[in-house]
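Engineer: Return a 3D structure for these sequence lines:
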Amino acid sequence: MNVEKQNLHAEFTCQNTGAKEIPVYRNEQLTNVIFQELRLTPPDNCILHVKGDTRDFRIGDRIKIGTQALIFCGKVVGKDGVNGDLLSSIEIAFLRDISKLSPLETGEVKD
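Structural biologist: Numbering: from 1, shown residues only. Predicted structure coming up:
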């Protein structure tokens, strides 16, 4: 397993990326689910709090979230449909310090 957790905080929210909405991909397909928060649950799992319908998510589904500041890939290992939480393994997780990104990288300046 390739996990780069040294830069990932114990709790991470959508606002930390500077993005308004971050879509969640399930098995490489775009969903109507929007990422809200990631909380680490050691040793190699996390809770993803999301907004939207999680009924189509199944144990073993691959999850991907990606922005200029956050890259996350994992597999669903459980879910709480009432609270909008997906429990996921962590395969790859990387958080960049967005204060060091250029306006072009954050989307504030269009090319």
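Engineer: Pairing partners for the longest strand along the chain, with directions?
Structural biologist: In the chain, taking DSSP state E as the definition, the longest strand is strand 29-41. Under the criterion DSSP bridges, strand 29-41 sits next to strand 11-13 (antiparallel), strand 22-26 (antiparallel), strand 45-51 (antiparallel) in its sheet.
Engineer: Name the stretch among these that sits most buried.
Structural biologist: Ranked by mean neighbour count, the strands paired with strand 29-41 are led by strand 45-51 with a mean of 20 (mean count of other C-beta atoms under 10 Å). The C-beta positions use only the backbone N, C-alpha and C, and glycine is treated the same way.
Engineer: Average pLDDT for it, rounded please.
Structural biologist: Averaging pLDDT along strand 45-51 gives 90.
Engineer: picking up where we left off before, the strands paired with strand 29-41 into TSV, with extra columns for distance to Ala69?
Structural biologist: As requested, these are exported to TSV (distance: least, C-beta to C-beta, whole Å):
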stretch	distance to Ala69
strand 11-13	9
strand 22-26	9
strand 45-51	16
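Engineer: Between the ones you listed, which one is closest to Leu87.
Structural biologist: strand 45-51 (5.8 Å; C-beta to C-beta).
Engineer: Identify the residues contacting the next helix or strand after that closest one?
Structural biologist: Using DSSP states H and E, the helix or strand that follows strand 45-51 in sequence is strand 62-66. By C-beta atoms under 8 Å, 6 or more residues apart in numbering, the surrounding residues in contact with strand 62-66 are 22-28, 35, 48, 57, 71-76, 86, 88.
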